[in-house]
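*Asks:* Using only what follows, build the 3D model:
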Amino acid sequence: MAIKRNIQYINKDFTELRDSLINYARTYFPNTYNDFSPSSPGMMFMEMAAYVGDVLSFYTDNQIQETFLQYARQTNNLYELAYMFGYKPNVTQVALTNIDFYQQVPSKLSGSTYVPDFDYSLLIAENSSVISSLTPSVSFLIEDAIDFSYSSSLDPTEVSIFSIDGSGNPTYFLLKKTKRAISANISTTTFSFNLPEPYTTVNINSNNIVGILDIIDSDGNEWYEVDHLGQEMVYNSIKNTNPNDPNYSSDISNTPYLLKLEKIQRRFTTRFINSGSLQIQFGAGNPLNTDEEIIPNNNNIGLGLPFEKTKLNTAFAPNNFLLTKTYGIAPSNITLTVRYLTGGGVESNVPTNDLTTLLGSVNFINNNLNSSTANTIFNSLAVTNPETADGGGDGDTIEEIRQNSSANFASQLRNVTQDDYLVRALSMPSKYGVISKAYIEPTKLSSISAGESQSVLDLYVLSYNSSKQLTTASPALKQNLITYLSQYKMVGDSVNVKDGFVINIGVNFDIIVLPDYNSNEILTKCILALKNYFAIDNWQINQPIILRDLYILLDKIEGVQTVKNIEINNLVGENIGYSDYAYDVKGATINNVVYPSLDPMIFEVKYPNLDIQGRIVSL
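*Replies:* Below is the predicted model:
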């Protein structure tokens, strides 16, 4: 009869396994082997078995550990786990800065007034670069073209007098453009494909890869990057012109592009294999035999459910109605040209006035020019960065990958809270129009119709005009916003995009100046402080005016003895250049706080040079 053996399963390291084997031999083979000295042959085999067990135990534990995001230590495994959670790790971080572009233009007479001659305006091509003078290997990319002859609220051209003649008349004007730039270079590579292969992949091997700029095939078709190959709808833009959409073409200056949702077949997804290799994966479909058009098929209902012959009380996954044979098409007998960005890093955080060399195509918008004057204008082009570039750094650390993956999985790129909608509205790409101010709240109960869901939100928005003054958003801008939010909102949410209300105000104040101080100089400093305080960038919808803060602000200015009075006035009337909405400022002031109305509104000092006035008074 077989003897029942007592086997220990909890021993894992070398010492525990060896001791367990010795104890096992002594217990079950006491007469067969009893030499347990370190140099005996039996101990050699026992220690070898313990060694193998220890190694196997280590790798088993290590493999289990590497399957958990919070414990994994190997970078490749962390990348894979991050993608499982829907997060794409960063292998580099680019620096951002604003770059100012300057050029001179001659003056010309228009009637009796000297104005800039925009025939001498320069056009800088898109994707131009500006090089650092201290670190020539660092360059900053400007994606958009720079046209000095064009000015709008999205892309203003600042004009100032550069030089005058003996009579005080302008001879040259200075034009200024400001563009956002990132520390990146454009690199290009090509891939050729023969017969289509499902889910084919190619790799780009380089250091500091930021991402894919675009992919164009040899037939001129563009391929679109998606988060996953099952994503068929992508954002696409068309020029805001009358032939494309006559309903919105009147607002081309503030909304140059219209945002559209488009179903596409040519798509790809990317993932970093490691810090120096970016993998591009394409779809599975044969371009000659695609099944991309979604047609609900009732034969697919209940597909994969082997139980329940009756389907009356069975729950079905919605995607059973939307089964297709492909996840996009695979490249076939074609060459793809891939442009990708590289750059970033700590060295890209350059100081102010360091970006001074422009690399890019520069031309005049008009060719019929005086050659001598044109040469002077061409040489007047200058660039610089008025602020330090920041944000550049190395890629995600191991801990950052863990934390960012967990955060991304929780959000799932969906608007869950009201603040999520605000962030999405304010982050819409500028070429579709800029939402300058936004405020969201649940629709008031009095406005909800009978039977209507209470998950209705009212999103109030405002934009800027060319003078950076608040104005209502155009129909084209609001339509672009609706399209943009449609891919992020929860299925049960309804969002109404509405116009916010602008209340124009003026500020009058009285101060007493200390002896031995220049009254005009102190008054100028007070007015400048109030201009900065009421700068529209600092104000949000439904933000109250706290008069106590204004008193403290003026009291801090050197030379001010006492602030005697501060008064907020409502300025109203379109015929004099203000908002048409009146507001009872006095009635809305309680305990030195001017409260906003129940309807979402924002206070604006529209003309700071005129609407902020102060006086020097005596005790």
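*Asks:* make it CA atoms for all contacts and neighbour counts henceforth
*Replies:* Will do.
*Asks:* In the protein, mark out all the helices, start to finish.
*Replies:* Taking DSSP state H as the criterion, the chain carries its helices at 14-28, 41-65, 75-84, 371-379, 398-411, 418-426, 475-486, 519-533, 547-555, 608-611.
*Asks:* Run the chain-centre distance for the second one.
*Replies:* On the basis of C-alpha atoms, centre = their mean, to the nearest Å, helix 41-65 is displaced by 51 Å from the centre of the chain it belongs to.
*Asks:* Which strands and helices lie in contact with that helix?
*Replies:* Contacts defined by 3 or more C-alpha pairs under 8 Å, 6 or more residues apart in numbering; DSSP states H and E place helix 41-65 against helix 14-28.
*Asks:* these two touch, right, residue 564 and residue 550?
*Replies:* No. Taking contacts as C-alpha atoms under 8 Å, residue 564 lies outside contact range of residue 550: 11.7 Å.
*Asks:* For stretch 287-295, the averaged confidence score.
*Replies:* Stretch 287-295 shows a mean pLDDT of 59.
*Asks:* do stretch 9-21 as well
*Replies:* Here the average pLDDT along stretch 9-21 is 87.
*Asks:* Residue 119: neighbour count?
*Replies:* As a burial measure, residue 119 scores 17 neighbours (other C-alpha atoms under 10 Å).
*Asks:* OK, contacts around it?
*Replies:* Residue 119 makes contacts with 149, 364-366, 369, as judged by C-alpha atoms under 8 Å, 6 or more residues apart in numbering.
*Asks:* Likewise for residue 530?
*Replies:* With the criterion set at C-alpha under 8 Å, 6+ apart, residue 530 makes contact with 550, 612.
*Asks:* Quick check: it vs residue 417, distance?
*Replies:* 35 Å (C-alpha to C-alpha, to the nearest Å).
*Asks:* And for residue 91?
*Replies:* 30 Å.
*Asks:* Looking at those two, which has the bigger crowd around it?
*Replies:* residue 91 (23 against 10).
*Asks:* just checking, the more buried one touches residue 397?
*Replies:* No. Using C-alpha under 8 Å as the test, residue 91 is too far from residue 397 to be in contact (9.0 Å).
*Asks:* which intervals of the chain have sub-threshold pLDDT?
*Replies:* 1-3, 242-245, 247-254, 289-326, 410-413, 446-455 (pLDDT under 70).
*Asks:* Show me the residue sitting in the middle of it in space.
*Replies:* Centroid-nearest residue in the chain, with C-alpha atoms, centre = their mean: residue 427, separated by 5.9 Å.
*Asks:* Ramachandran coordinates for it?
*Replies:* phi -100, psi 10 (degrees, to the nearest 10).
*Asks:* Please report how far it lies from residue 538.
*Replies:* For residue 427, the distance to residue 538 - C-alpha to C-alpha - is 18 Å.
*Asks:* Between helix 371-379 and the longest strand along the chain, find me the angle.
*Replies:* Using DSSP state E, we find that the single longest strand of the chain is strand 96-110. For strand 96-110 against helix 371-379, the angle by axes from the mean of the first three to the mean of the last three C-alpha atoms, to 10 degrees is 160 degrees.
*Asks:* Same question for strand 96-110: list its buried residues.
*Replies:* Using 16 or more other C-alpha atoms under 10 Å as the test for burial, strand 96-110 gives 96-108.
*Asks:* List the contacts of that strand.
*Replies:* 114-118, 120-122, 162, 170-183, 355, 377-378, 380-392.
*Asks:* which ones among those are found in strands?
*Replies:* Going by DSSP E, the strands hold 114-116, 122, 162, 170-182, 355, 382-384 from the contacts of strand 96-110.
*Asks:* Buried subset of the residues you listed as a ChimeraX selection?
*Replies:* Buried members of the ones in strands among the contacts of strand 96-110, defined by 16+ other C-alpha under 10 Å, are picked up in ChimeraX with:
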select :114,115,116,122,170,171,172,173,174,175,176,177,178,179,181,182,355,383,384
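*Asks:* how's this structure carved up into domains?
*Replies:* 14-65, 95-183+344-384, 194-340, 501-616 (automatic domain parsing).
*Asks:* With distance to residue 437 as new columns, can those domains be given to me in TSV?
*Replies:* Listed next are the domains of the chain as TSV, based on distance: least, C-alpha to C-alpha, whole Å:
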stretch	distance to residue 437
domain 14-65	47
domain 95-183+344-384	14
domain 194-340	15
domain 501-616	6
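*Asks:* Show me what residue 513 is bridged to.
*Replies:* residue 560 (DSSP bridges).
*Asks:* what's it in contact with, if anything?
*Replies:* 519, 522, 559-562, 616-617.
*Asks:* same thing with residue 468?
*Replies:* Applying C-alpha under 8 Å, 6+ apart, the residues near residue 468 are residue 153.
*Asks:* that older thread, closest to residue 483 out of the buried residues of strand 96-110?
*Replies:* residue 96 (27.8 Å; C-alpha to C-alpha).
*Asks:* hey, what's the spatially closest residue to that closest one that is not a sequence neighbour bridged with?
*Replies:* Using C-alpha to C-alpha, 6 or more residues apart in numbering and skipping residues adjacent in sequence, the residue nearest residue 96 is residue 182, 4.8 Å away. As for beta bridges, residue 182 partners with residue 96, residue 141 under DSSP bridges.
*Asks:* Same check on residue 498?
*Replies:* residue 460.
*Asks:* Give the burial count for it, as a bare number.
*Replies:* 18.
*Asks:* Torsion angles phi and psi at the residue lying farthest from the centre of the chain?
*Replies:* The centre of the chain is farthest from one residue, residue 31, which by C-alpha atoms, centre = their mean lies 77.1 Å away. Main-chain torsions, residue 31, degrees, to the nearest 10: phi -100, psi -10.
*Asks:* Same question for residue 490.
*Replies:* The phi/psi pair for residue 490 (degrees, to the nearest 10) is phi -70, psi 150.
*Asks:* Surely it touches residue 416?
*Replies:* Yes. Between residue 490 and residue 416 there is a contact under C-alpha under 8 Å: 6.8 Å.
*Asks:* Overlap of the contact sets of those two?
*Replies:* By C-alpha under 8 Å, 6+ apart, no residue touches both residue 490 and residue 416.
*Asks:* List the buried residues of stretch 195-207.
*Replies:* 196-199, 203-204.
*Asks:* With just CA atoms, put it into PDB.
*Replies:* What follows is stretch 195-207 as a C-alpha-only set of coordinates in PDB (Å, rounded to 0.1, in the frame of the first residue of the first chain):
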ATOM      1  CA  LEU A 195      -0.300  42.600 -51.100                       C
ATOM      2  CA  PRO A 196      -2.500  43.700 -48.200                       C
ATOM      3  CA  GLU A 197      -1.800  42.000 -44.900                       C
ATOM      4  CA  PRO A 198      -4.300  42.200 -42.000                       C
ATOM      5  CA  TYR A 199      -3.100  44.400 -39.100                       C
ATOM      6  CA  THR A 200       0.300  45.000 -40.700                       C
ATOM      7  CA  THR A 201       2.800  47.000 -38.600                       C
ATOM      8  CA  VAL A 202       5.800  49.100 -39.300                       C
ATOM      9  CA  ASN A 203       8.300  50.700 -36.900                       C
ATOM     10  CA  ILE A 204       9.900  54.100 -36.700                       C
ATOM     11  CA  ASN A 205      13.200  54.000 -34.800                       C
ATOM     12  CA  SER A 206      14.400  57.300 -33.500                       C
ATOM     13  CA  ASN A 207      15.100  59.300 -30.300                       C
END
